[in-house]
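Novice: Next one to model:
(chains A and B)
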Amino acid sequence: AQSVSQHNHHVILSEAASLELGCNYSYGGTVNLFWYVQYPGQHLQLLLKYFSGDPLVKGIKGFEAEFIKSKFSFNLRKPSVQWSDTAEYFCAVSYSSASKIIFGSGTRLSIRP
Amino acid sequence: SAVISQKPSRDICQRGTSLTIQCQVDSQVTMMFWYRQQPGQSLTLIATANQGSEATYESGFVIDKFPISRPNLTFSTLTVSNMSPEDSSIYLCSVPGLAGTGELFFGEGSRLTVL
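Specialist: Alright, predicted model coming up:
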């Protein structure tokens, strides 16, 4: 079955620490990959996306993610986190054969000021 | 981007009752999606609502429990019927972004608590 796995349920970091959140998806042919973020009290919004081309994609607020096809991974990174990055992060995938998006279980990121 | 409004934003309901959630979009869209986000879990697609046709339900979700209406291209409703505490969730309406991108825009969600 098509699925998305996020390895970390809750990550706690200090400000200025580097961040990497893991995401793996099951094989299903051509994929579109996303990271969504939900800040406290706000709605889900797109952080970044990969469709094709350069496997290293840059998003808003200094986030980036790298698509590694051989590993079926799309990990999210940020070199130096800020307290305002405290949020829930969801990896998601859509397969070319379907229009729906499948979400991972989410990773809650807490940043200590 | 699309602006999506949901009502109610939250509600507390009694077991056995039904509640209808409304979703209004500021632009015309062919497809609208209803997701559920149970406490501590990810988003699960309930159904896809296309204007002018029956909603398409995902495995594990049925029309009798989650009837959906889609009267026009900017509006949809999801009813959670005969609620039980297991239905306590955030229900989210979403619409696609630019054609072919697969991106979704979300409403702020409707948080239901069933006692």
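Novice: Show me which residues of chain A are close to chain B?
Specialist: Residues of chain A lying close to chain B (CB under 8 Å from any CB of the partner chain) are A:32, A:34, A:42-46, A:49, A:51, A:90, A:94, A:99-106. From N, CA and C alone the C-beta is placed, and that goes for glycine too.
Novice: Rank the helices and strands of chain B by mean pLDDT and give me the bottom one.
Specialist: When the helices and strands of chain B are compared on mean pLDDT, DSSP states H and E, strand B:104-106 comes out lowest with a mean of 89.
Novice: helices or strands up against that strand?
Specialist: Judged by 3 or more CB pairs under 8 Å, 6 or more residues apart in numbering or on different chains; DSSP states H and E, the packing partners of strand B:104-106 are strand B:89-96.
Novice: run the last query once more with 10 Å
Specialist: strand A:31-38, strand A:45-50, strand B:4-7, strand B:31-37, strand B:89-96 (3 or more CB pairs under 10 Å, 6 or more residues apart in numbering or on different chains; DSSP states H and E).
Novice: mind giving me TSV with those strands and columns for mean neighbour count?
Specialist: Rendered in TSV, the data for the helices and strands packed on strand B:104-106 read as follows (neighbours: other CB atoms under 10 Å in any protein chain shown):
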stretch	mean neighbour count
strand A:31-38	23
strand A:45-50	19
strand B:4-7	17
strand B:31-37	23
strand B:89-96	23
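Novice: Out of the ones you listed, which gets nearest to B:Glu108?
Specialist: When those are compared for distance to B:Glu108 using CB to CB, the nearest one is strand B:4-7, at 6.0 Å.
Novice: what does the closest one rub up against?
Specialist: Residues from elsewhere that reach strand B:4-7 (CB atoms under 10 Å, 6 or more residues apart in numbering or on different chains): A:43, B:20-27, B:29, B:32, B:74, B:77-78, B:90-95, B:105-110.
Novice: partners of it in the sheet?
Specialist: As defined by DSSP bridges, the strand partners of strand B:4-7 come to strand B:19-25 (antiparallel).
Novice: thinking again about what came up before, turn the helices and strands packed on strand B:104-106 into a markdown table, columns for mean pLDDT.
Specialist: Below are these laid out as a markdown table (pLDDT from 0 to 100):
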| stretch | mean pLDDT |
| --- | --- |
| strand A:31-38 | 92 |
| strand A:45-50 | 92 |
| strand B:4-7 | 94 |
| strand B:31-37 | 93 |
| strand B:89-96 | 93 |
